[in-house]
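**Student:** Dropping the sequence and predicted coords here.
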Amino acid sequence: MGVSDEEVAVFDVRPYGDIPYMAYINPIDQQIALSRSAADGGEVPCMREKMVDGEAVKTRLPIDQCVFMEPAKVWHGRWLNQYEHSVFCPTEADQKECNGANADIWLTPRLFDESNGKSYRISFIGRKTRYSGEPGGYGHLSSYVSEIIVDRVISIEVTLSPVE
């Protein structure tokens, strides 16, 4: 007697958004990630309710209040800031190209606002997410493997081409 695909229960152990459950600081967010309830329209990790003008509004915590981060360090590399992309390619990664198509790191320039559509050579002090998402989980549409928050810019200079 064979078993059809409809009769087999499948348990999906991937966390919500492909970020490992242990990446979340709050144990409740870890449980939400493990339950994957957001896929069914349920809770989402790191969402909090707050009152705005007398109305209850759900907002997402900043990434460094949501997941564990590595200690701050100095980073050097290229940053491509385009519409819906904030790609960072560290110099030590020795990537031939730095563009949205092969991006792994989302850069959050929390302390400054540069114009979109430009490429920069940048050095800064920043913190990277401790756990990587596979295949994504961070940044726009959760499509980046990790995220770095800029705490302090050391130097920044516009480059001539986005993929210099």
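**Tutor:** Sure, I can see it.
**Student:** was I right about residue 69 contacting residue 128?
**Tutor:** Yes. Using Cβ atoms under 8 Å, residue 69 is in contact with residue 128, at 6.7 Å. Where C-beta positions appear, they are placed from N, C-alpha and C, glycine not excepted.
**Student:** Report the rounded mean pLDDT for stretch 63-76.
**Tutor:** Across stretch 63-76, pLDDT averages out at 95.
**Student:** Make sure residue 136 is indeed in a helix.
**Tutor:** No. The assignment for residue 136 (DSSP: H, G, I helix; E, B strand; the rest coil) gives coil, which keeps it out of a helix.
**Student:** pLDDT value on the spatially closest residue to it that is not a sequence neighbour, please?
**Tutor:** Counting by Cβ to Cβ, 6 or more residues apart in numbering, residue 136 lies nearest to residue 143, which is 4.4 Å off, once chain neighbours are set aside. Among the per-residue scores, residue 143 holds a pLDDT of 79.
**Student:** Check the burial of residue 143 by counting its neighbours.
**Tutor:** Residue 143: 18 surrounding residues under other Cβ atoms under 10 Å.
**Student:** Quick check: phi and psi at it.
**Tutor:** For residue 143, the backbone dihedrals (degrees, to the nearest 10) come out as phi -100, psi 10.
**Student:** just checking, it touches residue 105?
**Tutor:** No. Between residue 143 and residue 105 there is no contact under Cβ under 8 Å: 11.4 Å.
**Student:** Okay, domains of the protein per the record?
**Tutor:** Per automatic domain parsing, the structural domains of the chain span 16-65, 69-158.
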